[in-house]
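[1] Structure, please.
(chains A and B)
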2 protein chains.
Amino acid sequence: MGLSFEVSAESSGGGRRGVLQLPHGVVQTPVFMPVGTAATVKTVQQETLEEIGADGAGAGIILANTYHLYLRPGHELIQRMGGLHRFMSWRRPMLTDSGGFQVFSLAGLRKVTDDGVEFRSHLDGSKHFFSPEHSMAVQIALGADIMMAFDECVETPASWERTSQSMGLTHAWAARSKAYFDAHKHEAPWTAEFGGTQSLFGIVQGGMYADLRRESAERLVEMDFDGYAIGGLAVGEPREVTREMIARSLEILPRDKPRYVMGVGYPDEIEEYARTGVDMMDCVLPTRAARHGLLFRSAEAGETGPAVRMNIKRVEYAEDRRPIDATCACMVCKRYTRAYLRHLFVAKEPLGATLNSIHNLAFYLDTMRRVRDGLAKGDSVNPPGG
Amino acid sequence: MGLSFEVSAESSGGGRRGVLQLPHGVVQTPVFMPVGTAATVKTVQQETLEEIGADGAGAGIILANTYHLYLRPGHELIQRMGGLHRFMSWRRPMLTDSGGFQVFSLAGLRKVTDDGVEFRSHLDGSKHFFSPEHSMAVQIALGADIMMAFDECVETPASWERTSQSMGLTHAWAARSKAYFDAHKHEAPWTAEFGGTQSLFGIVQGGMYADLRRESAERLVEMDFDGYAIGGLAVGEPREVTREMIARSLEILPRDKPRYVMGVGYPDEIEEYARTGVDMMDCVLPTRAARHGLLFRSAEAGETGPAVRMNIKRVEYAEDRRPIDATCACMVCKRYTRAYLRHLFVAKEPLGATLNSIHNLAFYLDTMRRVRDGLAKGDSVNPPGG
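    From the prediction side, this is the model:
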């Protein structure tokens, strides 16, 4: 079996408190997934990821990037090492993307046909080809609990016609992804030893067109995936458009399957989308921002909004003895001052990126825990089936 | 009071098992001190430093560099923040160097007079002046448990005449350092609150000349420092010369005071010097080597020597499922394979430097613990006063 998903409470706004059971463990949803691009959440130890957050529960599931791992160290090497979990010593659930998003970001380095995408490595310029079948084979070798169908990500902006055509390709590729997956899903590096199989999610596309989003969701649901992602968002469009595209897709997606919005976002975004029925999200923002000195914290007296952004390099923090966030229970806020973190950043000391990343990830995980607690308690006015 | 030092056992070779009591805690000697140049042991969290090593005891004392902290963030800022311990959240003992070694490494950027050294910052070219008195004032502002007299480090190679002249300057500066320190030693950022004072070590110079080393040790002992360092070694000379210069200095230095050899060395060196009576050592090697992928491990069957060097980037480790060192109990060896560490290094992932540093520091601390255990047990054939 791949996954089971149970929604235990649902709010009037559509938010769902759920439990996602995967071969490598249980994930409490809604969940934020830290991104471990190259089999490492940049600058953070696995030990730390396991205990990050106010409740000490750590990250329930992390993501890794198929494109990066395919190029280096190579999916076959990882397969020989027993799969991604063993390779990086991460015992909890993982998810891999399809490689599509990265490949389509290689402007000028790729050529798309109906069959797949030819591209050149950003590392050494070598030529490679990804088809839906090949993406599946690579993801099976990596062996994440959840893998993603191979999709085309249309450029932004794109006309309705262009977006519709691209969406059609995504649907054809989704069907091919699923066919390959169904024939090979027992070949994960750990299936023989531990039992269980990987799961496959389809990806809703349709750009910034509500009718296409609905159509895409309908076509994918007909194919019956284990879960559904909403892709191609947070690529520069206004927040209202992101919100609208998510809402149109959620209307169609089945309530008994997990729903995943890819690549979002700021803390207030992940909170908002979770409250409207998104179960899973991922984003490089907490770790990438951390490496650039951008930290997230709770609003203090006189400030508005659920999350405040602070740039730790500003001179106003040079002698600030307070933690990043007085209400945060993470190991960084319990021990280090803004003054010290500013010093590390200004002196380009690598410890700065580590401590900043730990705090930002804790802030994201705590945000989701708060949303989950709310959905389980007071926010739950419409239990499923009720 | 600054420090107390008790030798509990001494070997026939001169090695001493001791306990060094400092205002911020107790240090078991012989001890290796990780270097925290800019108020951070590069890439390693303070939490980790507190528990590193097979016995989970962590680093007993760490070092920070006066020159770097003087320039950035500035000693006055650190003083206002309550001193270095508070600034970086390190509760255990610390030691600062005098700034001399770094200043004298700024070839072409410095000018030496009897009064002190004028130099230009490597960061922005700004002009600065360090005298013995100023080095003391800066180190008092930083507030380490142990501070070092301001000394001149002679270039290598240098003639006997040049070395003798430079040594004379070091002695004059040592006397001035001590006079300033004695008048101001109660001004550490924490003395008013917690009691206790800093301690000051003199530095034996004399280049590669045994007679000068002896003379330098004699002059410094007359000045009655809290402890004695042996400086100006491991600057490119053959190991036999280092060994000889240390031995000649140790003959003169009092047995009831701690003895510190600065800036050495490889694991077999620190072990050798500890067995001949050196109580304290520091070196950037374990952390700097780690960032370049050079790891230290125990010898395996068929290998010779107490420590083996391995370069983790070599292709032979690409699929090596073993830990760095099968006999090492550090958190890295307990969890991660050579294959994963190689991947992190090749992919230039920052986690690689962190994990490599943790292991190398554990290897150094474990080496010293082994020496201490030996001195306390079987190696002790000549207890002090016996």
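[2] quick one: the helix or strand that contains residue A:20 to chain centroid distance?
    Per DSSP states H and E, residue A:20 falls inside strand A:16-22. Put simply, strand A:16-22 sits 16 Å off its chain's centre (CA atoms, centre = their mean, to the nearest Å).
[3] Parallel or antiparallel, which strands does that strand pair with?
    strand A:4-10 (antiparallel), strand A:25-29 (antiparallel) (DSSP bridges).
[4] CA-only coordinates of the last one in PDB, if you can.
    The one in question is strand A:25-29. The C-alpha coordinates for strand A:25-29 follow below in PDB (Å, rounded to 0.1, in the frame of the first residue of the first chain):
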ATOM      1  CA  GLY A  25       5.800   7.300   8.900                       C
ATOM      2  CA  VAL A  26       2.800   9.400   9.700                       C
ATOM      3  CA  VAL A  27       2.400  13.000   8.700                       C
ATOM      4  CA  GLN A  28       0.100  15.400  10.400                       C
ATOM      5  CA  THR A  29      -1.700  17.700   7.900                       C
END
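[5] Can you confirm whether the helix or strand of chain A with the lowest mean pLDDT lies near chain B?
    Least confident helix or strand of chain A, by mean pLDDT, DSSP states H and E, is helix A:100-104 with a mean of 84. No - Helix A:100-104 lies out of reach of chain B by CB under 8 Å from any CB of the partner chain, never closer than 14.6 Å. Bear in mind the C-beta positions are built from the backbone N, C-alpha and C, glycine included.
[6] Could you do stretch A:142-159 as well?
    No - Stretch A:142-159 is not in contact with chain B by CB under 8 Å from any CB; minimum separation 13.2 Å.
[7] average pLDDT across that stretch?
    Here stretch A:142-159 scores 94 as its mean pLDDT.
[8] Kindly report the same for stretch A:70-80.
    Stretch A:70-80 shows an average pLDDT of 98 in the prediction.
[9] count of residues packed around residue A:141?
    The number of residues packed near residue A:141 is 22, by other CB atoms under 10 Å in any protein chain shown.
[10] which SSE is it in?
    Going by DSSP H and E, residue A:141 is in helix A:132-142.
[11] what's that helix in contact with?
    A:64, A:66, A:69-70, A:75-76, A:78-79, A:83-84, A:96, A:98-100, A:116, A:130, A:147-150, A:173-174, A:176-177, A:180-181, A:184-185, A:187-189, A:198, A:200 (CB atoms under 8 Å, 6 or more residues apart in numbering or on different chains).
[12] So what's the gap between that helix and the chain middle?
    18 Å.
[13] Quick one: list the elements packing against the following helix or strand past that helix.
    As assigned by DSSP H and E, the chain's next helix or strand after helix A:132-142 is strand A:146-148. Counting contacts by 3 or more CB pairs under 8 Å, 6 or more residues apart in numbering or on different chains; DSSP states H and E, strand A:146-148 is packed against strand A:94-96, helix A:132-142, strand A:199-204.
[14] Can you tell me the strand partners of strand A:146-148 and which way each runs?
    strand A:94-96 (parallel), strand A:199-204 (parallel).
[15] Out of those strands, flag the one nearest residue A:314.
    strand A:94-96 (35.6 Å; CB to CB).
[16] Could you say which helix or strand holds the residue nearest the centre of chain A?
    For chain A, residue A:282 is the residue whose C-alpha lies nearest the centre (CA atoms, centre = their mean; 2.3 Å). Assigned by DSSP H and E, residue A:282 belongs to strand A:280-283.
[17] CA atoms only for the following helix or strand past that strand, dumped as CSV, please.
    Proceeding N to C from strand A:280-283, the next assigned helix or strand is helix A:285-291, under DSSP H and E. The C-alpha trace of helix A:285-291 is given here as CSV (Å, rounded to 0.1, in the frame of the first residue of the first chain):
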residue,chain,number,x,y,z
LEU,A,285,11.8,30.4,1.0
PRO,A,286,12.5,29.8,4.7
THR,A,287,16.0,28.4,4.0
ARG,A,288,16.9,30.6,1.1
ALA,A,289,15.7,33.7,2.9
ALA,A,290,17.7,32.6,5.9
ARG,A,291,20.9,32.5,3.9
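[18] Give me the mean pLDDT for helix A:285-291.
    98.
[19] Report the buried residues of the strand holding residue A:20.
    A:16, A:17, A:18, A:20, A:21, A:22 (16 or more other CB atoms under 10 Å in any protein chain shown).
[20] The second one: what's it in contact with?
    Contact criterion CB under 8 Å, 6+ apart gives A:7, A:8, A:9, A:10, A:29, A:30, A:372, A:375, A:376, A:380 as the residues in contact with residue A:17.
[21] ditto for the fourth one
    For residue A:20, the residues meeting the contact criterion (CB under 8 Å, 6+ apart) are A:3, A:4, A:5, A:26, A:27, A:28, A:29, A:31, A:93, A:258, A:279, A:280.
[22] still on that earlier bit, what packs against the strand holding residue A:282?
    By 3+ CB pairs under 8 Å, 6+ apart, strand A:280-283 packs against strand A:31-34, strand A:259-261, helix A:267-275.
[23] same thing but 10 Å
    On a contact count with 3 or more CB pairs under 10 Å, 6 or more residues apart in numbering or on different chains; DSSP states H and E, strand A:280-283 meets strand A:31-34, strand A:62-64, strand A:227-230, strand A:259-261, helix A:267-275, helix A:350-376.
[24] so where is the stretch 251-386 of chain A shaky, pLDDT-wise?
    A:378-386 (pLDDT under 70).
[25] Do I have it right that residue A:294 meets residue A:324?
    No - with contact taken as CB atoms under 10 Å, residue A:294 and residue A:324 are classed as non-touching, separated by 11.2 Å.
[26] Show me the contact partners of stretch A:367-379.
    Stretch A:367-379 is contacted from outside by A:7-13, A:15-18, A:28-33, A:53-55, A:57, A:60, A:267-268, A:270-275, A:280-281, A:296, A:298, A:306-307, A:380, using CB atoms under 10 Å, 6 or more residues apart in numbering or on different chains.
[27] filter these to the buried ones?
    Buried, going by 16+ other CB under 10 Å: A:7, A:9-11, A:15-18, A:28-33, A:53-54, A:60, A:267, A:270-275, A:280-281, A:296, A:298, A:307, A:380, out of the contacts of stretch A:367-379.
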